[in-house]
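Novice: Could you look at this predicted model? Sequence included:
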2 protein chains.
Amino acid sequence: MALKYPSGKEYRGNKPNAARRPAADYANRGMTLEDDLNATNEYYRERGIAVIHKKPTPVQIVRVDYPKRSAAVITEAYFRQASTTDYNGVYRGKYIDFEAKETKNKTAFPLKNFHAHQIRHMEQVVAHGGICFAILRFSLLNETYLLDASHLIAWWNKQEAGGRKSIPKQEIERHGHSIPLGYQPRIDYISVVDNVYFTR
Amino acid sequence: MALKYPSGKEYRGNKPNAARRPAADYANRGMTLEDDLNATNEYYRERGIAVIHKKPTPVQIVRVDYPKRSAAVITEAYFRQASTTDYNGVYRGKYIDFEAKETKNKTAFPLKNFHAHQIRHMEQVVAHGGICFAILRFSLLNETYLLDASHLIAWWNKQEAGGRKSIPKQEIERHGHSIPLGYQPRIDYISVVDNVYFTR
């Protein structure tokens, strides 16, 4: 199976699995959490509100060809696991760092959406005084929450000790913060960051 | 021309040009500024000093194959221009952001090592209260400097207005800060950050 995109169009899947979706699914691209966050971060940058970018997908490049008179072509490469979260930047002088994930589950957020490196990175960021959280979307319910990294880390560590493999939705409702969804910006998580990390 | 690396060995060139070097040059890999900074950042993370990572090389993925029973293979992709600097993270709660470049020039640092997106990004970081600088290495002299983004931005803007295309070395000596080089960490730029951004 091979997916070929029209020239100039960017491959959007962040992980191998994402690209396994049939091409028809890409009609709904505008609805993914990643698209919404990219548009939101662009809005924040253009308005001078915050400077936050998604990191590029980590790729291990094995083979590069140099056709005459045209750009270098990577002809063999592999997806690598990220060693950090996907998003970071600066807001009001502070370091901001987060991971964003969505689930079709309606009652709990499966921890398999994260991997150990990301959790260890979050622990480090918290230890160094950065603002660190997860943005969790229940896509079938159209509900999105900001959950401080401390809670995610606690649930992850409980899992490692043999506990449950997901965070119950009511726990996310209790300890997290609902993010208002709109047109511009689509996911106004900075308004939540203001309330949670700056004014109390 | 094609460069093929042994399996498991990572392609290290950050830009198409870097990969044009003959394979023999890779014997000197341990000497590149990027290698030194990666080792330094790992040292800082392991000691709990700072959490700073290099961002992955931005790649536009066009075609992905899924061989049965093995990992997805990217079979067509292109290098993209970075929209930000290469390094960022958190130190003492503050956002840290920098670009690192080396030159073989002995008397000036050519501005062609940077591109407009990176300079605009640096302006945004400064405006939002982040700590932002360039690490500049004169590789034939084995001298490395930290230069605050404000100076780089000023020289860039002068160039755009028709001024010179490089920063004279004596200006970097005057306004920048020499970074001590050692064994561990190899490039102790955080000690300079402490002096420049925290204690005065």
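Specialist: Perfect, thanks for sending it.
Novice: Pull the distance from the lengthiest helix in chain A to the chain's centre.
Specialist: Longest helix in chain A by number of residues (criterion: DSSP state H): helix A:33-46. How far helix A:33-46 lies from its chain's middle: 12 Å, per CA atoms, centre = their mean, to the nearest Å.
Novice: Ok, stretch A:78-93 next?
Specialist: Averaged over its C-alpha atoms, stretch A:78-93 has a centre that lies 8 Å from its chain's centre (CA atoms, centre = their mean).
Novice: how about that stretch, does it get close to chain B?
Specialist: Yes. Counting by CB under 8 Å from any CB of the partner chain, chain B is contacted by stretch A:78-93 at A:Tyr78, A:Phe79, A:Arg80, A:Ala82, A:Ser83, A:Thr84, A:Asn88, A:Gly89, A:Val90, A:Tyr91, A:Arg92, A:Gly93. C-betas here are computed from N, CA, C, even on glycine.
Novice: What is the neighbour count of the last one?
Specialist: A:Gly93 has 12 neighbours, counted by other CB atoms under 10 Å in any protein chain shown.
Novice: Ok, the second one next?
Specialist: For A:Phe79, the tally of surrounding residues (other CB under 10 Å) stands at 22.
Novice: pretty sure it is touching B:Val73, no?
Specialist: No. The criterion here is CB atoms under 8 Å, and A:Phe79 misses it with B:Val73 at 9.3 Å.
Novice: where are the low-confidence patches of chain A?
Specialist: A:1-30, A:200 (pLDDT under 70).
Novice: in it, what residue sits furthest out from the centroid?
Specialist: Centroid-distance maximum for chain A: A:Lys68 at 38.0 Å, with CA atoms, centre = their mean.
Novice: tell me the secondary structure for that residue?
Specialist: coil (DSSP: H, G, I helix; E, B strand; the rest coil).
Novice: Same check on A:Thr84?
Specialist: Assignment for A:Thr84 (three-state DSSP): coil.
Novice: OK, contacts around A:Asp148?
Specialist: A:Cys132, A:Phe133, A:His175, A:Gly176, A:Val196 (CB atoms under 8 Å, 6 or more residues apart in numbering or on different chains).
Novice: so which of those residues is the most crowded?
Specialist: Top of the contacts of A:Asp148 by neighbour count (other CB under 10 Å): A:Phe133, with 29 neighbours.
Novice: wait, doesn't A:Gly129 sit right on B:Tyr95?
Specialist: No. Counting by CB under 8 Å, A:Gly129 stays clear of B:Tyr95, with 10.6 Å between them.
Novice: So what touches stretch A:192-200?
Specialist: Residues from elsewhere that reach stretch A:192-200 (CB under 8 Å, 6+ apart): A:Tyr91, A:Arg92, A:Lys94, A:Ile96, A:Ile131, A:Phe133, A:Leu146, A:Asp148, A:His177, A:Ser178, A:Ile179, A:Pro180.
Novice: could these be laid out in TSV, adding secondary structure?
Specialist: As requested, these are exported to TSV (three-state DSSP):
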residue	secondary structure
A:Tyr91	strand
A:Arg92	coil
A:Lys94	strand
A:Ile96	strand
A:Ile131	strand
A:Phe133	strand
A:Leu146	strand
A:Asp148	strand
A:His177	strand
A:Ser178	strand
A:Ile179	coil
A:Pro180	coil
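Novice: Which one (most neighbours) among these?
Specialist: A:Phe133 (29 neighbours).
Novice: mind listing the helices for chain A?
Specialist: For chain A, applying DSSP H gives helices covering A:16-19, A:33-46, A:116-127, A:149-160, A:169-175, A:189-193.
Novice: Comparing the ones you listed, which comes out most buried?
Specialist: helix A:189-193 (a mean of 21; mean count of other CB atoms under 10 Å in any protein chain shown).
Novice: A:Ile96 - nearest residue in space that isn't next to it in sequence?
Specialist: Nearest residue to A:Ile96, sequence neighbours excluded (CB to CB, 6 or more residues apart in numbering or on different chains): A:Ile131, at 5.0 Å.
Novice: show me what contacts the one you found?
Specialist: A:Tyr91, A:Lys94, A:Tyr95, A:Ile96, A:Asp97, A:Val193, A:Tyr197.
Novice: residues contacting the closest residue to A:Ala39 other than its chain neighbours?
Specialist: Closest residue to A:Ala39 apart from its sequence neighbours, by CB to CB, 6+ apart: A:Arg186 at 5.4 Å. Residues counted as contacts of A:Arg186 (CB under 8 Å, 6+ apart) are A:Asp36, A:Leu37, A:Ala39, A:Thr40, A:Tyr43.
Novice: what does the longest helix of chain A contact?
Specialist: Against helix A:33-46 from outside (CB under 8 Å, 6+ apart): A:12, A:14, A:29, A:49-54, A:87, A:89, A:100-102, A:135, A:137, A:139, A:144, A:184-190, B:124.
Novice: Over to the residue nearest to A:Ala39: give its phi and psi.
Specialist: The phi/psi pair for A:Arg186 (degrees, to the nearest 10) reads phi -70, psi -40.
Novice: Could you check how far it is from chain B?
Specialist: 20 Å (CB to the nearest CB, to the nearest Å).
Novice: Okay, buried residues for stretch A:71-80 please.
Specialist: Judged by neighbour count (16 or more other CB atoms under 10 Å in any protein chain shown), stretch A:71-80 contains these buried residues: A:Ala72, A:Val73, A:Ile74, A:Thr75, A:Glu76, A:Ala77, A:Phe79.
Novice: and the spatially most central residue of chain A, what does it touch?
Specialist: Nearest residue to the geometric centre of chain A (CA atoms, centre = their mean): A:Ala100, 2.8 Å. With contact taken as CB under 8 Å, 6+ apart, A:Ala100 is in contact with A:Leu33, A:Glu34, A:Leu37, A:Asp86, A:Tyr87, A:Ala134, A:Ile135, A:Leu136, A:Arg137.
Novice: rerun at 6 Å
Specialist: Contacts for A:Ala100 (CB atoms under 6 Å, 6 or more residues apart in numbering or on different chains) come out as A:Leu33, A:Leu37, A:Ile135.
Novice: what about the nearest residue to the last one once chain neighbours are set aside, distance to chain B?
Specialist: Counting by CB to CB, 6+ apart, the nearest residue to A:Ile135 once its immediate chain neighbours are dropped is A:Ala100, at 4.1 Å. Noted for A:Ala100: a distance of 17 Å to chain B, by CB to the nearest CB.
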